[in-house]
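>>> with the sequence up front, the predicted model follows.
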Amino acid sequence: MAETLLEAKKLNNFIGGDWVESNDSTEVINPANGETIVQVPLSDGSTVDKAVEVAKKAQKDWAKVPAPQRAEVMLEVGNLMKQRKERLARLLTMENGKVLEEARGEVQEGIDMAFYMAGEGRRLFGHTTPAELPNKFSMSQRCPVGVVGIITPWNFPIAIATWKSFPAIVAGNAVIWKPATETPIMAYELAKIFEDAGLPKGVLNVVYGKGSAVGDAMVHHGDIRVISFTGSDVTGRNIASECGKQLKKVSLEMGGKNAVIVMDDADLDLAAEGIIWSAYGTSGQRCTAASRVIVHEDVKERLEERLLAGIEKLTIGDGLDETNKVGPIINKAGLEKIQKYIQIGKEEGAKLVAGGYVLEDGDFAKGHYFAPTLFTDAKPDMRIAQEEIFGPVLSLIPVKSFEEAIEVNNGVSYGLSSSIFTTDANRVFQAQRDLDTGIVYVNAGTTGAEIHLPFGGTKGTGNGHRDSGVQALDVFTEWKAVYVDYSGKLQRAQIDTE
Ligand SMILES: NC(=O)c1ccc[n+]([C@@H]2O[C@H](COP(=O)([O-])OP(=O)(O)OC[C@H]3O[C@@H](n4cnc5c(N)ncnc54)[C@H](O)[C@@H]3O)[C@@H](O)[C@H]2O)c1
Ligand SMILES: O=C[C@H](O)CS(=O)(=O)O
C-alpha cells in the first residue's frame, strides 16, 4: 500500500529546491501494523548550515516579491493540497495512525490555512497614525524576520506545519523545517506541493533528523532568527532557555491537561458524545484532547453510564479501515507512558471502570493499541489529573458547584483548551471569562480548532505566542515604524521649546 502511494523508498532532504540524499537514515514504521513505510534521513548540523546558507540568499529575493504575488503561490499550494487531499490523508494515516476521517480533517485544516494566508498576502496590515508635526506622515509596517526555523511534532504532522510555514512564507521569510522523525512523509509531500506550486528554490527547506541533532543545530544557529516550536513541555522549555541566551525570538506551543465541565443542568447525551470524541478520538493524542471531566456530583452517575456506553461502541484498529474510529498509539514509548499512568492512577486511589490495558490479541499485536480508559472518583491533585498522559485516558472528578468546577479546571500547570456543558446562559458567560485557557468551548468538546482563530494556551502551554489566525503573523514579522517628513525643512521631534 505504502509503495503504491509513495514513489520513494527513501526520503531526501529538500534544500535549495534540490532533493538531497543523506548518508544516515532510519525506518518509519506504521503504528497500526508495524510495517516499514519508508526510510527517513538522519541529518546533522552541517546539513542545517547548508540549508541556512541557501535560505538566506533565497529570502532576500523572496522578501522583495510583492506580498500579493507571494500569496498567489499560497493559493496554488491550497489548490494542489485540495487535489491531493485523499492521497495526503491516506499517507498521514499510515505514518501517524489516526483514522482516515481525522486524517482528511487534518489535511483540510492545511488547505484552509493556505487559502486564509493567501488572503493575508493582500492585507498584511500595518497602521497609519497622525504625526505630531505638520507635513509629516507616520506609519508602521510588518517586515519579514529573515530565515525562520520551525520544529513540529508527530501528532499533527501537516496541520501544525501549515500553521507555521504558511504565515512565515507569505510574510516574506525563508523557512527551515524539521519535522518529527516519526512522521516525515507529510513534510515530503508538502515540500513537493510547494515545488509544484512554483515557490522559488530555497524559500522552503526541509531537514530531517533527530531533535538532538537537527533541532538543536537550528536552535543554536546564529542566522535562524525565529524558532517556532510545537511539542512537549520538556523540549519546549529547553529550547526557550537556549533561545533566551541568544535573544532569539521563540514561539512555543506545548502540552495540555484539558477538561470538560459538565454542570447539573447540562444535556448529558450531548456532553457524553462531546467527551467521548475529545478524550478517545485520535487515541487521546491531541494537545487539545480532554483528559479530565469535572462533573457536578448530582449528575455524575448518569454521565458515567453514558460514557461507559459510548466507550463500548468505539471500534479500534487500523485507521485505513473506515469502520474503525480509534487508531493506534504512535509507538511503544507512547504505550509505556500510558501504562505507567494507569499504574499511578490505581495507586493514587482512582477507580478504574473501563480499559486500562494494552490490546494485544490478533492483529492488535502487530501495532500499538490501548483500550479507551476511564477512571472515576479522581481527585484534582492526583498525578493522573495533573500531568499530560497523551493517550486515551480520562479521569472523572466530581465537584459540588460551578465555582469549584472553575477552580479545578484552572488548577493545573497547563492552559490550552477547556469546555463547559450547561444550559444556563449566565454560567456560559462567567465560564468563558473565568476559564484560564487559550481556547474555550461551550456545549462542545475540547478539540476541533478553526484556523482563522489564534491557537495556543496560557500558563505552561506556551510563552504567549499563537499559531494560526492572523496572530501567527506576529511570530514571523518585525514591526517597523516609518516617519516621512514632507515639510522640506528639518523638523525636530521631541524638542520642547516652552
Ligand atoms: N499546544 C499545541 O499546539 C500542541 C499541538 C500538538 C502537540 N503538542 C504537544 O506535543 C507533544 C507531542 O509531540 P512530540 O512527542 O513529538 O514532542 P517532542 O517535544 O518530543 O518533539 C517535538 C519536536 O521537537 C523535536 N525535538 C526534540 N528534541 C529537541 C531538541 N533538543 N531541540 C530541538 N528540537 C527537538 C522533535 O524531533 C520533534 O520534531 C505533546 O506534549 C503535545 O501536547 C502541543
Ligand atoms: O493540533 C492541532 C489540532 O487541530 C488541534 S484540535 O484538536 O483540532 O483543536
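Looks like it came in fine. Ligands and ions are numbered 1, 2, ... in the order given.

>>> switch to C-alpha atoms for all contacts and neighbour counts from now on
Will do.

>>> dump stretch 86-94 to CSV, keeping only the CA atoms.
Provided in CSV are the C-alpha atoms of stretch 86-94 (Å, rounded to 0.1, in the frame of the first residue of the first chain):
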residue,chain,number,x,y,z
GLU,A,86,-7.1,11.9,-0.4
ARG,A,87,-3.6,10.8,-1.1
LEU,A,88,-2.3,13.0,1.7
ALA,A,89,-4.9,11.7,4.1
ARG,A,90,-4.0,8.1,3.4
LEU,A,91,-0.3,8.7,3.8
LEU,A,92,-1.0,10.6,7.0
THR,A,93,-3.0,7.7,8.4
MET,A,94,-0.1,5.3,7.5
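
>>> the residue in the stretch 251-400 of the chain that ligand 2 sits nearest to - how many residues pack around it?
The nearest approach of the stretch 251-400 of the chain to ligand 2 comes at Thr288, 5.0 Å away (C-alpha to the nearest ligand atom). The criterion is other C-alpha atoms under 10 Å. On that basis, Thr288 has 27 neighbouring residues.

>>> doesn't Tyr414 make contact with it?
No. Thr288 is beyond contact range of Tyr414, at 10.9 Å (criterion: C-alpha atoms under 8 Å).

>>> which residues are common contacts for these two?
Counting by C-alpha atoms under 8 Å, 6 or more residues apart in numbering, the common neighbours of Thr288 and Tyr414 are 256-257.

>>> the strands in the stretch 251-400 of the chain, which residues?
With DSSP state E, counting those that start in this stretch as the definition, the stretch 251-400 of the chain shows strands at residue ranges 258-262, 290-296, 351-354, 358-359, 369-370, 373-376, 393-399.

>>> winner for burial among these?
Across the strands of the stretch 251-400 of the chain, averaging neighbours per residue (mean count of other C-alpha atoms under 10 Å) puts strand 258-262 on top, at a mean of 32.

>>> that one pairs with which strands, and in what direction?
Using DSSP bridges, the strands paired with strand 258-262 in its sheet are strand 290-296 (parallel), strand 417-421 (parallel).

>>> to ligand 1, which of those lies closest?
Among the strands paired with strand 258-262, strand 417-421 comes nearest to ligand 1, with 9.2 Å by C-alpha to the nearest ligand atom.

>>> if we can go back for a sec, would you list the strands of the stretch 251-400 of the chain in CSV and tack on mean pLDDT?
Shown next, in CSV, are these (pLDDT from 0 to 100):
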stretch, mean pLDDT
strand 258-262, 99
strand 290-296, 98
strand 351-354, 98
strand 358-359, 98
strand 369-370, 98
strand 373-376, 98
strand 393-399, 98
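
>>> so which of these gets nearest Lys489?
Shortest distance between Lys489 and the strands of the stretch 251-400 of the chain, using C-alpha to C-alpha, is found for strand 258-262: 60.2 Å.

>>> now the residue most central in space within the chain: closest residue in space that isn't a chain neighbour?
Among the residues of the chain, Ile160 comes closest to the average C-alpha position under C-alpha atoms, centre = their mean, at 4.3 Å. Closest residue to Ile160 in three dimensions, ignoring its sequence neighbours and counting by C-alpha to C-alpha, 6 or more residues apart in numbering: Thr152, at 6.9 Å.
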